[in-house]
Each structure stands twice: as C-alpha cells, then as structure tokens.
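> I would like to see how this sequence folds:
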Amino acid sequence: MQKRYKVSLVVLFVLLYSVSSMLLTGMQARAAHGKLKSGGLNQVIDQVTRQVLLNISVNGFNPNAKTKSLTTGGLYVNWMMNNPTQVNKVNPNTNDDPPTSHDIQTDLFYLNALAEYKFLHHGDTRYDLDIQKMTPIVHYEFFNYNLPKGWVYFYLLRDGFFLNDPVLTQEASMAASNYYTHWFDPKLNLLYNKSHTPGVYSVEHSITAGAALIDAGTRWHQPAWVQAGRSTLATVLAASYNLQSHLFYNNMMVNSNGTEVVTNDQAKASTQGSVVEALMEAYMLTRDQQYLNVASQVLQSLLVNSGLWDQSNGGLYFALDLNSGRLEQKYKETRAQAHALIGLYRFNQVMRAIGRPQVFLDKQQQLISLLATRFYEPIYHGYFYRVTPDFQIYVSNDASGQPQQENYFTTEAMGLALDALQQTEMPVVPY
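Residues are numbered from 1 along each chain as shown. This is a model prediction of the structure:
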C-alpha cells in the first residue's frame, strides 16, 4: 500500500508540474506586487499560534488516515483535551468512527495556518517539517477538487502564494474550472449542487464559489467564469438575503424552473461572516457597489441589530431563526467568531483602501481578544467546536442519550481560529 501511495504521488506531481510552468510568470508578477512587510505582529497571537500548531503537530496527526482509498495520513477530526489518545469522538449520531477516517478540509486548514505563520515569520523554521509533511498530502487530497465549496479555492490560492507552491495554485485553478464546468447552471444563472433532485445549495458555499469564479476568471483570463460568478452572486443575493433582517438564510432548494425555497431558516453567524468576506473579494475585483452595501448591512445586523452579539459576555451566538425570530443562544461556535472576524477585518481593509472610515473596530478588537483568550484553552492549547455563552465547556448528549462534555479539541476550530487571528497581522492578504 505504501509503495502504491508513493507511485501515485509521483505521477500526481509530474502531471501538476507539467501544467504549472505556464503559471510561473504570472505568479512571480503577483508575488512581486504582493511583497510587503507584515502588519504589526501581535505577541499574544503569535504565542497562541505557536502553542496550537505545536499541539496539532504532536497530537493531531493520524498516520493511518485514508484519502481516496490510499493511506495518506492526515489530521484527526478531534481529540480529548487532556487525553489525546481519545480521538474522533463527540458525534451526536455515532461515536464509532473508524481509525482511518478524517476530514481533508482540516488538513487544508492546518496547512493554511502553517503557511500564514511562515509568511509572517520568514526566518522561523520550527514548522518547516510539518509544512513538508502536510503539503504532499494536501496536493493529493485536493487534486482536481470537485465539490461546490468556493472557500476551498481561496485557501489553495493563498497557500500557493504563501508557500511559493505552483502546484497549490494550479489546484486552485482546477477547483474553479470544476465549479464552472460541473456546478454552474447557465439556464438558472446559479452555481449549486445539481446532484440532488431538486437541487440544493449552502448559501455560504455558493456565494464563496461565485466570488471564486470572479477571481479565477480575472486571474486566468476566463471571462465566462467571471460572468458565471457574477450571475451566481446576483441569483443567490436575490433569493437568500432576507431584506428585513439583513441576514442570509443558511440553505436553499432549487426547483427545475429556477424557483427557490428556503430549507433552513437559520441565519448562522458563521455564514454571515463568510459571506461578507466573499463579497469583499468580489467587490475589489468588480467595484460592484451592491456587494459593499450588502456586506455593510450584514455587519450592522450581525454585530448590532439582530441580537446575535452577546452584549454581556461578547462574542456571537450560534444563529437567529429568521422565521420564528428565536435566538439560538445555548452556545457559541468558535468558527463563527473566526468567520465574523475575517469578514469584518476584510471589510475594513476595503474601507481603508477606498478612503472610507473603518467600522465596528471595537467589535473587531473584541473578537481578536476573545479568540486569543476566552475561546482558547490555555493549559492544553486548543479550541473546542463550541462553548457555553460564558465560555465554559459545553455539555451535550452522546449517541446513547447520556450527557457528555465536549472537551475535545477540533482541528477545524483550531485551523479557523489561527487563520482569523493571523490574518489580522496582515495589512493586506496578498495573493
């Protein structure tokens, strides 16, 4: 099995490098344009980042993880805070994940956190071996990626820039090509999951995929991709943006005649932050004022008007039900704070670039502080998927209905938290 894996990777690298040479000139030009000094490094953020990366390096890697039937290695989904031998648990449906299972997305989050740290600390070599270990795994996992999740494109693209890796950059191009070829419906002007009948889409995924097509089409001179991206954004904004709350629904169903139905009335805090980030990418490329206006309205609602922001303890609750008006406030997701911080920070980068005042800087600083302190577990160095409103360990029921503490660090939460914190150390995200 190990020999087959090595042969497969060799074939993959030969193929990728054979098609990546045409990218080098463009990459070098973008790299030259993107050269800048890092923003003011924050000692607290850097210390948290180093501790979390070390924790993942020591406890998070599963050498038996399989991808596409090959034993590639990859991260555990989670492990118990104070007993890292207990892995891949705390699932409300089953606690019986096989030892080879893993989520390739967490590998991409981890490589991204490593790449950002390397970019911000050029002379620091302490994580070079982890980068060397994870890079070929991510190469293999995301070769010809073909799911309609637009955020994957931006992670591959950024990591290609940070690590000066043309393979990752080419894989970003492949992902964008697949978004357009396999998931965009020109009759409905929409990128959605057509494998379902009726079709469905996650609002977050389709909006980020639309922004990805705008970026990729501009970058690789594919005007049809740009138009598909803009059409997707127009269609999704018209259908899934609630004009009363100024928040986005979570999931939609698409009928064959193009009509759409809301299938999840929740306005999740994580979705709002991710959408704002995507709209900022689209705005900087198109200067479409609608994207800026909607993003501004979403931030106002998310951080002030909707009740999603906890006025007592700070941070964002899970969701607001846009049908019943009920606030889902039993817990706070770590990823929601991360997405909200990234979206807000990117919005303020755009505002600064166009000479307009930055907004909600108090909330921006609170989110940075919360992710570096209250959401962070400082003894064992990690992040949980979610915590109580006052930042205690959340208790849920296991598969048998018994109470269980969710004292498991998740590699998704760890990767996203480090991404959000480290992005705030960059005056511009350069790729």
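
> pLDDT-wise, which helix or strand of the protein ranks last?
When the helices and strands of the chain are scored by mean pLDDT, DSSP states H and E, helix 24-34 comes last with a mean of 35.

> now the helix or strand following that one: buried residues?
Heading C-terminal from helix 24-34, the first helix or strand you meet, by DSSP states H and E, is helix 43-55. The neighbour-count check on helix 43-55 (16 or more other CB atoms under 10 Å) flags 45-46, 48-53, 55 as buried. Glycine gets a C-beta too; all of them are placed from N, C-alpha and C.

> export those residues to JSON lines and tack on pLDDT?
As requested, the buried residues of helix 43-55 are exported to JSON lines (pLDDT from 0 to 100):
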{"residue": "Ile45", "pLDDT": "98"}
{"residue": "Asp46", "pLDDT": "98"}
{"residue": "Val48", "pLDDT": "98"}
{"residue": "Thr49", "pLDDT": "98"}
{"residue": "Arg50", "pLDDT": "98"}
{"residue": "Gln51", "pLDDT": "98"}
{"residue": "Val52", "pLDDT": "98"}
{"residue": "Leu53", "pLDDT": "98"}
{"residue": "Asn55", "pLDDT": "98"}
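
> from these, pick the one nearest Gly415.
Taking CB to CB as the measure, Gly415 sits nearest to Val52 out of the buried residues of helix 43-55, at 8.9 Å.

> pretty sure the closest one contacts Tyr383?
Yes - between Val52 and Tyr383 there is a contact at 7.3 Å, judged by CB atoms under 8 Å.

> so where's the stretch 1-150 of the chain uncertain?
The model of the stretch 1-150 of the chain has pLDDT under 70 over residues 1-39, 91-97.

> rerun that using 50 as the cut-off
Applying pLDDT under 50 to the stretch 1-150 of the chain flags residues 1-38.

> now stretch 128-148 - C-alpha only, CSV.
Taking C-alpha atoms only, stretch 128-148 is exported to CSV below (Å, rounded to 0.1, in the frame of the first residue of the first chain):
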residue,chain,number,x,y,z
ASP,A,128,9.1,23.6,8.2
LEU,A,129,9.0,19.8,8.7
ASP,A,130,5.2,20.0,9.3
ILE,A,131,4.8,22.0,6.1
GLN,A,132,6.9,19.4,4.2
LYS,A,133,4.8,16.6,5.7
MET,A,134,1.4,18.2,5.0
THR,A,135,2.0,19.7,1.6
PRO,A,136,2.1,16.5,-0.4
ILE,A,137,-0.9,15.2,1.5
VAL,A,138,-2.9,18.3,0.6
HIS,A,139,-1.7,18.1,-3.0
TYR,A,140,-3.1,14.6,-3.3
GLU,A,141,-6.3,15.4,-1.4
PHE,A,142,-7.3,18.5,-3.4
PHE,A,143,-6.1,17.4,-6.9
ASN,A,144,-9.0,18.1,-9.3
TYR,A,145,-11.2,19.1,-6.4
ASN,A,146,-14.8,18.8,-7.5
LEU,A,147,-17.3,19.9,-4.8
PRO,A,148,-19.2,23.3,-5.0
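
> report the buried residues of that stretch.
Going by neighbour count (16+ other CB under 10 Å), the buried part of stretch 128-148 is 130-131, 134-143, 145, 147-148.

> mind checking which of the residues you listed land in helices?
Within the buried residues of stretch 128-148, residues falling in helices by DSSP state H are 130-131, 134-141.

> pipe these into a markdown table and attach distance to Gly415 per row.
Converted to a markdown table, those look like this (distance: CB to CB, whole Å):
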| residue | distance to Gly415 |
| --- | --- |
| Asp130 | 13 |
| Ile131 | 14 |
| Met134 | 11 |
| Thr135 | 15 |
| Pro136 | 18 |
| Ile137 | 14 |
| Val138 | 12 |
| His139 | 18 |
| Tyr140 | 18 |
| Glu141 | 14 |
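
> which of the buried residues of stretch 128-148 lies closest to Met280?
When those are compared against Met280 (criterion: CB to CB), the nearest one is Pro148, at 20.5 Å.

> surely the closest one meets Tyr192?
Yes - counting by CB under 8 Å, Pro148 touches Tyr192, with 6.7 Å between them.

> which parts of stretch 223-240 are buried?
Result for stretch 223-240 [16+ other CB under 10 Å]: buried residues 225-233, 235-237, 239-240.

> tabulate those (JSON lines), appending distance to Phe318 and secondary structure.
Below are the buried residues of stretch 223-240 laid out as JSON lines (distance: CB to CB, whole Å; DSSP: H, G, I helix; E, B strand; the rest coil):
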{"residue": "Trp225", "distance to Phe318": "34", "secondary structure": "helix"}
{"residue": "Val226", "distance to Phe318": "35", "secondary structure": "helix"}
{"residue": "Gln227", "distance to Phe318": "36", "secondary structure": "helix"}
{"residue": "Ala228", "distance to Phe318": "32", "secondary structure": "helix"}
{"residue": "Gly229", "distance to Phe318": "29", "secondary structure": "helix"}
{"residue": "Arg230", "distance to Phe318": "31", "secondary structure": "helix"}
{"residue": "Ser231", "distance to Phe318": "31", "secondary structure": "helix"}
{"residue": "Thr232", "distance to Phe318": "27", "secondary structure": "helix"}
{"residue": "Leu233", "distance to Phe318": "26", "secondary structure": "helix"}
{"residue": "Thr235", "distance to Phe318": "27", "secondary structure": "helix"}
{"residue": "Val236", "distance to Phe318": "22", "secondary structure": "helix"}
{"residue": "Leu237", "distance to Phe318": "23", "secondary structure": "helix"}
{"residue": "Ala239", "distance to Phe318": "23", "secondary structure": "helix"}
{"residue": "Ser240", "distance to Phe318": "19", "secondary structure": "helix"}
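
> and those as JSON lines, adding distance to Thr106?
Shown next, in JSON lines, are the buried residues of stretch 223-240 (distance: CB to CB, whole Å):
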{"residue": "Trp225", "distance to Thr106": "28"}
{"residue": "Val226", "distance to Thr106": "31"}
{"residue": "Gln227", "distance to Thr106": "33"}
{"residue": "Ala228", "distance to Thr106": "29"}
{"residue": "Gly229", "distance to Thr106": "27"}
{"residue": "Arg230", "distance to Thr106": "31"}
{"residue": "Ser231", "distance to Thr106": "32"}
{"residue": "Thr232", "distance to Thr106": "27"}
{"residue": "Leu233", "distance to Thr106": "28"}
{"residue": "Thr235", "distance to Thr106": "31"}
{"residue": "Val236", "distance to Thr106": "26"}
{"residue": "Leu237", "distance to Thr106": "30"}
{"residue": "Ala239", "distance to Thr106": "31"}
{"residue": "Ser240", "distance to Thr106": "27"}
